[in-house]
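Engineer: no sequence on this one, just coordinates:
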């Protein structure tokens, strides 16, 4: 088989899920439309690497990059195009991609919102407590959202995003409804706070509610939306960023600092912890232990 022809004509026909299995990577969960993996490109404990079972494309939400099978294998192994195609060419038959019948999948979104309420269920209040978020803080910024997924009814803490979709969290599951994008609290302030996720924001509001109340706030909901929010940054006198202390978060923070002069990286305030919520939980646990000694 000619390698150039393989590169141009067959990359989309090489199944990403099968190729990842060949490399020893298997999904942590699978739906009708997508499979989720622990990223093969970096270390993580929660799967944020998605493969579309319909389009046969991958996207790493932690790094904000994606592509086809060729792109992925090149990144995993630091190979050239030719080395990648040499690796694949003998298995073209067994790795071929067959898209599912998607006619029934387009009739209804995977997650549909049923009802939005003030938080009152004990299970969600207990979940806030487990993350050391006071009920008053959770109630102020989030809602109790009932949603349907695969014909079943569920409830979760919901944070509404900029396009009226919802980030959904409960003790057992982390998901979102369409459309997915960043969340934005506008108060007419000259100062902007940027956090990576919902619980980073709720933790910051717990630690310094006055700061949050007197600032505009963006919750990225994924580093993949970093490019979308850059248009807002020049409008502010001061921008404080609270991204995760991992490789992806540090890379994103460095990118922002290189592009804008009005940004302050606040990750040193939770140095030694992955994120703000991890620090908040650790400090609350320490306070409890000290109290028990007395």
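Structural biologist: Structure received. Because the structure is predicted, anything quoted here is derived from the model rather than measured. Residues are numbered from 1 along each chain as shown.

Engineer: from now on I want contacts and neighbour counts done on CA atoms only, so please keep to that.
Structural biologist: Will do.

Engineer: burial check on the closest residue in space to residue 127 that isn't next to it in sequence, number of neighbours?
Structural biologist: Among residues not flanking residue 127 along the chain, residue 171 sits closest, at 6.1 Å (Cα to Cα, 6 or more residues apart in numbering). The number of residues packed near residue 171 is 14, by other Cα atoms under 10 Å.

Engineer: same thing with residue 130?
Structural biologist: So residue 130, with other Cα under 10 Å, has 12 neighbours.

Engineer: residue contacts, it?
Structural biologist: By Cα atoms under 8 Å, 6 or more residues apart in numbering, the contact set of residue 130 is empty.

Engineer: offset the numbering so it begins at 855, please.
Structural biologist: Noted, 855 is the first residue going forward, which turns the last one into residue 984.

Engineer: can you check the pLDDT for it?
Structural biologist: Residue 984 is assigned 94 on the pLDDT scale.

Engineer: which residue packs closest to residue 1095, ignoring adjacent ones?
Structural biologist: In space, residue 1095 is closest to residue 1048, 4.7 Å off (Cα to Cα, 6+ apart).

Engineer: check residue 1075 too.
Structural biologist: Closest to residue 1075 by Cα to Cα, 6+ apart is residue 1051, at 4.8 Å.

Engineer: any figure for the gap between the residue nearest to residue 981 and residue 1009?
Structural biologist: For residue 1025, the distance to residue 1009 equals 10 Å [Cα to Cα, to the nearest Å].

Engineer: what's the pLDDT at the residue nearest to residue 981?
Structural biologist: Among the per-residue scores, residue 1025 holds a pLDDT of 89.

Engineer: mind checking the longest strand of this structure?
Structural biologist: When the chain is scanned for its longest strand (criterion: DSSP state E), the result is strand 1006-1014.

Engineer: got phi/psi on the closest residue to residue 1039 other than its chain neighbours?
Structural biologist: Computed as Cα to Cα, 6+ apart, the closest residue to residue 1039 that is not its neighbour in sequence is residue 1071, at 5.0 Å. Main-chain dihedrals, residue 1071, degrees, to the nearest 10: phi -140, psi 130.
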